[in-house]
Structures are given as C-alpha cells and as structure tokens.
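**Q** Return atomic coordinates for the entry below.
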Amino acid sequence: IPITFTSTSTPGDGAINQYSWTFNDGTPSVTGVSSTAHAFSNGGSSIRFYVPVLLINDVNGCNSTYNQDTVWIVPVPVPGFFIASVNSCSAPATAQFTNTSTNTTSFQWDFGDPASGANNTSSLTNPSHTYNTAGTYTVTLTAGVNGCDSSYTMQVSILQPVADFSASDTSICLGETVQFTNTGSSGSLNWNFGDPASGSNNTSTLANPTHTFNTVGTFVTQLIVSVGNCRDTITRNIQVNPPPVAAFTSPDRQGCSVPFPVTFNATTPGISGWSWTFGDPGSGSNTATTQNPSHTYNAFGQYSVTLIVTDANGCKDTLTQVNYVQVIAPTVNFSQTDSGCVGETFNFNAVVTSPADPTIASYQWNWGDGNTSTVTTAGTSHTYNAAGIYDVTLTITTSTGCTATLTRTQFIRVGTRPTAGITSPIDTICFKE
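**A** Numbering: from 1, shown residues only. A predicted model of the protein is given here:
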C-alpha cells in the first residue's frame, strides 16, 4: 500500500528549491517534489523497517537532512484453521479450533453465534466455542493487524444427520439399473452398492447415483451421511434375479403343402407371460400371447419364430429360431436316353427334393403309350412295343400326402429296328481273279 510523504520543511533566509527523497529499500531516489507516495514491500514472514531520508537545498546552496521517522512493514498474514473436534452431534456441543495462520500473531475470531453474546468472539490463538443450539454456523478468523489483515471462513455443523434413501426398484433383473435417491439429510454422502465385482463403479459420492447390477444375488447397498464429525448409516437390500431362458418346440414344423397349421409349445417353467411372433406378417395374425398357440401358414416359405417370455419377477428372455418353420413343396426330375428301338427297355431314375417330407411313398409313371406303373423306388424301367414319340409323366407322393408332377413332352423316341442285307452281281469267282 503506498504511503504518502509530505515535506514540512521551513526555509531559512533563502527559498527551498530542491527536494530529494531516499527510502533505503533499494529503490531509486525521488527528486524535485515536496510530496511523494511510495510503496514498501515485504514478501517475508517477519517485520521489516525502513528509515526514509529527506534532503533539501535552498537558493543559497544551503542544505538540511531529515531522517527521524521509521516505517514498519508488517508481512501479509495468511489466515487458516481447521476444526480439531466437536464433542457432540447435538447441542450443547463444544468445537475446538486449531489455528494454522502464518505471518502474524494477532487474531480475531467470530464464531457465527451472536446468541452467545460476548462469547461469540475471541482473540486466542486456538480457541473453543460452545454452541447451545443445533445448526450450521459460519466461523470467521481474521488474522493480522488493522489495515493489514486477511480473513478465512469455515462452517461448523452441530446436528445429527439422518441417513435414508429410496431405490427405483429393490427387486430387479440381471443387467438392470437402479436409481438411488437420497431422502435423508444433506451433507457428505458416501454410497457403497455392495457390488465389488463392478470395480470403481461400486461407490459414489453423488446425491442421487445410479448403479447397474450385472451379477445375480442379494446386494446390500449402504449410504453414509456425514456432517462434520457426525454421521449416520443406512442399508437396504437389492435383489437381482436371474433371467428366464426362453425355449419352445413344435411337434410338426415342416410341411410340403398349404395351408399348413403348426402348434408351438413353450417349455420354460415359471413363466407368467408369453409373446410370440410367427414370422408371417402377411397372415394378419402374426402374434399370440398364450403359452401354446397355433398358427396356419398359407404360403410356401421358411419362417423365423420369436418367443419372448416374462417370469414372475418381470425378467424377460428372447429366443428367435431362424427358418424354424419350413413349408416347401417337393420337386421332381428324371432323365433317360431320349431314343431307342421298338422292344427295347428304357431305364428311368427319379430325383426328388422334398426337405419337409423326404420319405416318398410312391412313384406313379405314365409312359405315354397307354401304360402306367406305380412303384416305391426311385428307379424303374419300361419297354415300348410300338414306334412313336412319347410324353412321360411322373407323379410322386410323400408319406404325408404331398405330391409333385413333372411331364416331359416328346421325351422318348422309339423307332422300328432296321433289317440288314446286301446284294452282288457275281457271287462266285476264282482264286486270284
């Protein structure tokens, strides 16, 4: 802080015409003015003093010096304290304060308790104060002398905190998140969710934290509320339930004709709700909510079926079986040499694709010459006894009654066998002729 120095010198028989100020703190002298301001510094921790010197000269060349005043520079105080102890969490309670200030030995305390009258202040280094009413008080320490001081404040609470909290749900499913809400006293909050496997996420200091439980079991969640040296603790259990495992079967899920009805059986025990999707949105009845529903498929194709189950705890699981229902018509093909002679036997071999019902009950052949035959094997033969071009038709029937027919037109060509013969004008010759 600058200090203003003003000359009070009186002249002799000649006017004063020169002033020179020296402050002896390492700064340059100031000349030519009868009044000046100067700021002294003290970055240390002890008091420093300086003796300013004023030299004056008059018009006759006479001079005079004044150095009879001393300037004392006190170091800037650094206030600080902490609450060493509070002997009770309810009134009356006595708080003991420990002073950590530096650069001063002068202190003035205000305990923020005007109701205590004269006891509300103190000039002791490490005082104590008794609070007769519960509450939170702002304590102020002013360190240093008047005009060169600094203050530090801290709150002291005389009250018994009450720990309490609510949870968004105390019985949850694996992997779900719980929202915790502090419903007790405010203060310093420390949560422990009883879930050490979650690592650093097992604790929180937030007022209203969340926690996700990824392990099945009972977890003891603890909240500690601290106000000063006073605290309270409460615990509540969070039950984490295992999810159900969705499963279903169908006694007949492969068909080769439409319409094709399918019955589904949900097999997971302890289930209170079922949600089915049959993979057939065009049917208009693609969903069901009963345990063992039926659905009729009216178009050929492969259908993925999804089941969502919900147990008594509200936990869910989903199972999708891709292409679980297959409604596929059988296909048939056959081949054979396309021509031969009358009376020859032609061998035929049928190739059938029937994924829904691979068991073929019968092969019905129409040879195109007025004859037919029905066999139970893929291979057979037929003899054509007249020349001509014949269409061949094969109809197969599966064990469940599905059929497929293939007609190959002008497939067999049958001709009359030729008769070999030769003629010659000479039928006898001599040797070497």
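**Q** all helices for the stretch 301-433 of the chain, in order.
**A** Using DSSP state H, counting those that start in this stretch, no helices are found in the stretch 301-433 of the chain.
**Q** If you drop the residues flanking it in sequence, what lies closest to Asn349?
**A** Among residues not flanking Asn349 along the chain, Gly379 sits closest, at 4.8 Å (CB to CB, 6 or more residues apart in numbering). Quick note: C-beta positions are derived from backbone N, CA and C, even for glycine.
**Q** gap between the one you found and Val351?
**A** Computed as CB to CB, to the nearest Å, the Gly379 to Val351 distance reads 11 Å.
**Q** show me what contacts Ala84?
**A** Gln96, Phe97, Thr98, Asn126 (CB atoms under 8 Å, 6 or more residues apart in numbering).
**Q** same for the helix or strand of the chain with the lowest mean pLDDT, what does it pack against?
**A** Within the chain, no helix or strand scores below strand 71-73, which has a mean of 81 by mean pLDDT, DSSP states H and E. If you count contacts as 3 or more CB pairs under 8 Å, 6 or more residues apart in numbering; DSSP states H and E, strand 71-73 packs onto strand 48-50.
**Q** And for the nearest residue in space to Pro52 that is not next to it in sequence, the neighbour number?
**A** Among residues not flanking Pro52 along the chain, Phe23 sits closest, at 5.1 Å (CB to CB, 6+ apart). Using other CB atoms under 10 Å, Phe23 has 20 neighbouring residues.
**Q** measure Phe23 to Ile16 for me?
**A** Phe23 is 20 Å from Ile16, by CB to CB.
**Q** From Ser304, how far off is Thr296?
**A** 17 Å.
**Q** what about the stretch 301-433 of the chain, any weak spots by pLDDT?
**A** In the predicted model, the stretch 301-433 of the chain carries pLDDT under 70 at residues 426-429, 432-433.
**Q** Please name the residues that touch the closest residue to Thr138 other than its chain neighbours.
**A** Distance criterion CB to CB, 6+ apart; nearest residue to Thr138, sequence neighbours excluded, is Gly112 at 4.3 Å. Listed by CB under 8 Å, 6+ apart, the contact partners of Gly112 are Asn120, Tyr137, Thr138, Val139, Thr140, Val156.
**Q** Out of these, give me the one that has the most neighbours.
**A** Val156 (22 neighbours).
**Q** Secondary structure element holding that one?
**A** Per DSSP states H and E: Val156 is located in strand 148-158.
**Q** residues in contact with the next helix or strand after that strand?
**A** Moving toward the C-terminus from strand 148-158, the next helix or strand (DSSP H and E) is strand 165-167. With CB under 8 Å, 6+ apart as the contact definition, strand 165-167 has outside contacts at Val178, Gln179, Phe180, Thr181, Asn182, Thr183, Gly184, Thr221, Leu223, Ile234, Arg236, Ile238.
**Q** In CSV, list these along with distance to Ala207 and pLDDT.
**A** Compiled in CSV, those are given as follows (distance: CB to CB, whole Å; pLDDT from 0 to 100):
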residue, distance to Ala207, pLDDT
Val178, 15, 98
Gln179, 12, 98
Phe180, 9, 98
Thr181, 8, 98
Asn182, 5, 97
Thr183, 10, 97
Gly184, 11, 95
Thr221, 15, 98
Leu223, 10, 98
Ile234, 15, 98
Arg236, 16, 97
Ile238, 19, 98
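**Q** Adding distance to Gln326, write these out as JSON lines.
**A** Output for these, formatted as JSON lines (distance: CB to CB, whole Å):
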{"residue": "Val178", "distance to Gln326": "44"}
{"residue": "Gln179", "distance to Gln326": "46"}
{"residue": "Phe180", "distance to Gln326": "50"}
{"residue": "Thr181", "distance to Gln326": "53"}
{"residue": "Asn182", "distance to Gln326": "57"}
{"residue": "Thr183", "distance to Gln326": "57"}
{"residue": "Gly184", "distance to Gln326": "61"}
{"residue": "Thr221", "distance to Gln326": "50"}
{"residue": "Leu223", "distance to Gln326": "57"}
{"residue": "Ile234", "distance to Gln326": "59"}
{"residue": "Arg236", "distance to Gln326": "52"}
{"residue": "Ile238", "distance to Gln326": "45"}
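**Q** So which of those residues sit within strands?
**A** Val178, Gln179, Phe180, Thr181, Asn182, Thr221, Leu223, Ile234, Arg236, Ile238 (DSSP state E).
**Q** Pick the one among those residues closest to Pro77.
**A** Pro77 lies nearest to Asn182 out of the ones in strands among the contacts of strand 165-167, by CB to CB, at 39.6 Å.
**Q** ok, the closest one to Pro242 distance?
**A** From Asn182 to Pro242 the distance is 30 Å (CB to CB).
**Q** Ok, Ser294 next?
**A** In terms of CB to CB, Ser294 sits 31 Å off from Pro242.
**Q** Kindly report the same for Ser272.
**A** Taking CB to CB, one finds Ser272 at 15 Å from Pro242.
**Q** Can you give me the first-to-last residue distance of stretch 188-203?
**A** Stretch 188-203 has its terminal residues 13 Å apart, counting by CA to CA, to the nearest Å.
**Q** scratch that, stretch 325-332
**A** Chord length of stretch 325-332, first to last residue, is 22 Å (CA to CA).
**Q** What residues sit buried inside that stretch?
**A** For stretch 325-332, the neighbour count (16 or more other CB atoms under 10 Å) marks Val325, Gln326, Val327, Ile328, Ala329, Pro330, Val332 as buried.
**Q** again with stretch 208-223
**A** Pro209, His211, Phe213, Phe219, Thr221, Gln222, Leu223.
**Q** tell me which of those is nearest to Ser200?
**A** When these are compared against Ser200 (criterion: CB to CB), the nearest one is His211, at 11.7 Å.
**Q** My understanding was that that closest one contacts Ala197; is that so?
**A** No: between His211 and Ala197 there is no contact under CB atoms under 8 Å: 11.8 Å.
**Q** about what we covered before: show me what the strand holding Val156 is packed up against.
**A** So strand 148-158, by 3+ CB pairs under 8 Å, 6+ apart, packs with strand 81-86, strand 93-99, strand 135-145.
**Q** In JSON lines: those strands, plus distance to Pro425 and mean pLDDT.
**A** Conversion of the helices and strands packed on strand 148-158 to JSON lines gives the following (distance: least, CB to CB, whole Å; pLDDT from 0 to 100):
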{"stretch": "strand 81-86", "distance to Pro425": "146", "mean pLDDT": "90"}
{"stretch": "strand 93-99", "distance to Pro425": "151", "mean pLDDT": "95"}
{"stretch": "strand 135-145", "distance to Pro425": "146", "mean pLDDT": "92"}
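**Q** now Ile59: how far from Ile16?
**A** One thing to correct before we go on: residue 59 is Val, not Ile. Distance from Val59 to Ile16, by CB to CB: 8 Å.
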